[in-house]
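>>> Predicted model follows, preceded by the sequence.
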Amino acid sequence: MISVRKSADRGSFDHGWLKTHHTFSFAGYHDPRHVRFRALRVINEDWIGPGRGFGEHPHENMEILTYVLEGALAHRDSLGTGSVIRPGELQRMSAGTGITHSEANPSESEPVHLYQIWLFPDRHGHAPSYEQRAFPEAERLNRLRLVASPDGEDGSLTIHQDARLYLGALEPGKSVAHPIAAGRHAWLQVARGEVSLNGVTLGEGDGAAVNDESLLSIATSDAPAEVLLFDLA
């Protein structure tokens, strides 16, 4: 069964310096029908204006993944990390027992476009930690590249949850397949373009919850697309 979450139906806010879409309930947006999906708690699509950002703020007991589509995002945290995340790079921050961080657009002229994802951890009380890695487009082109997993398989970032995140960049007329093991579930988020998911059309910004399916077929038509696929317990 595939349940579509249309882009236009997400919680959307324009704060001037920040344009944001919330797939699930977040901050001032609450929809009891869309609070979480399995371990997924947040999928936010953000555009942050030049020279703006989020000041220092705390998190606890959450696995936070950030993927930049365009521009750059500067990160600082209480672990002493200072980094810049660029397109094709994925950041993992395990908030654990507590961490503070800030995120800002260092550009004076260009916005940064990103996805930020939160997953519940497998338990409370992990030590806070940080990872960042580049996954070049060649590794994601016309395939699903594993980029986050519980065991760091295939050079992926390590998360404290029985979940796997794949990134795929599909050229026009291409398709990829992903088997879903019995008892597992999936979420597909379309970051760019349009795809067909087992015959269901999804546009840019659309998401889809997947239950009771054994195989996913993701295909493009006459334009390229980019997707994030979560394989979830």
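Nice, thanks for sending it over.

>>> Could you measure from the residue sitting nearest the centre point of the chain over to residue 90?
Geometric centre of the chain, nearest residue: residue 117, 4.5 Å, by C-alpha atoms, centre = their mean. To residue 90, residue 117 is 10 Å away according to C-beta to C-beta, to the nearest Å. Any C-beta I mention is one placed from the backbone N, CA and C, and that applies to glycine too.

>>> Overlap in contacts, the two.
Taking C-beta atoms under 8 Å, 6 or more residues apart in numbering as the criterion, residue 117 and residue 90 both touch 65-67.

>>> ok, those residues vs residue 185, which is closest?
residue 65 (17.8 Å; C-beta to C-beta).

>>> how about the nearest residue to the closest one, chain neighbours excluded?
Nearest residue to residue 65 in three dimensions, chain neighbours excluded: residue 117, at 4.4 Å (C-beta to C-beta, 6 or more residues apart in numbering).

>>> Any idea what the one you found is bridged to?
With DSSP bridges as the criterion, residue 117 is bridged to residue 43, residue 65.

>>> Settle this for me: the residue nearest to the centre of the chain is touching residue 36, isn't it.
No. Under the criterion of C-beta atoms under 8 Å, residue 117 makes no contact with residue 36, lying 11.8 Å away.

>>> shared neighbours, the two?
The contact lists of residue 117 and residue 36 share no entry, where a contact means C-beta under 8 Å, 6+ apart.

>>> Tell me who's in contact with the residue nearest to residue 65.
So residue 117 contacts 40, 42-44, 64-67, 165, 228 (C-beta under 8 Å, 6+ apart).

>>> Can you give me the distance of it to residue 102?
18 Å.

>>> and if you look at residue 20?
17 Å.

>>> higher neighbour count, those two?
Neighbours per residue, other C-beta atoms under 10 Å: of residue 20 and residue 102, the larger number sits with residue 20, 19 against 14.

>>> returning to what we had before: which one among the contacts of residue 117 gets closest to residue 51?
Nearest member of the contacts of residue 117 to residue 51, counting by C-beta to C-beta, is residue 66, at 18.8 Å.

>>> in what helix or strand does the closest residue to the closest one other than its chain neighbours lie?
The spatial neighbour of residue 66 that comes closest, neighbours along the chain excluded (C-beta to C-beta, 6+ apart), is residue 91 at 4.3 Å. Here residue 91 is covered by strand 89-94, with elements defined by DSSP states H and E.

>>> any idea of the mean pLDDT in that strand?
Average pLDDT, strand 89-94: 97.

>>> Tell me the helices and strands packed up against it.
strand 63-70, strand 129-134, strand 145-149, strand 157-158 (3 or more C-beta pairs under 8 Å, 6 or more residues apart in numbering; DSSP states H and E).

>>> can you list the residues that contact it?
59, 63-68, 75, 77, 83, 85, 99, 101, 121, 126-135, 147-148, 157-160, 167.

>>> One more: stretch 199-217?
1-8, 10, 21, 23, 37, 43, 45, 175-180, 182, 185-198, 229.

>>> likewise stretch 106-113?
The set of residues external to stretch 106-113 that reach it, using C-beta under 8 Å, 6+ apart, is 45-51, 68-74, 84, 105.
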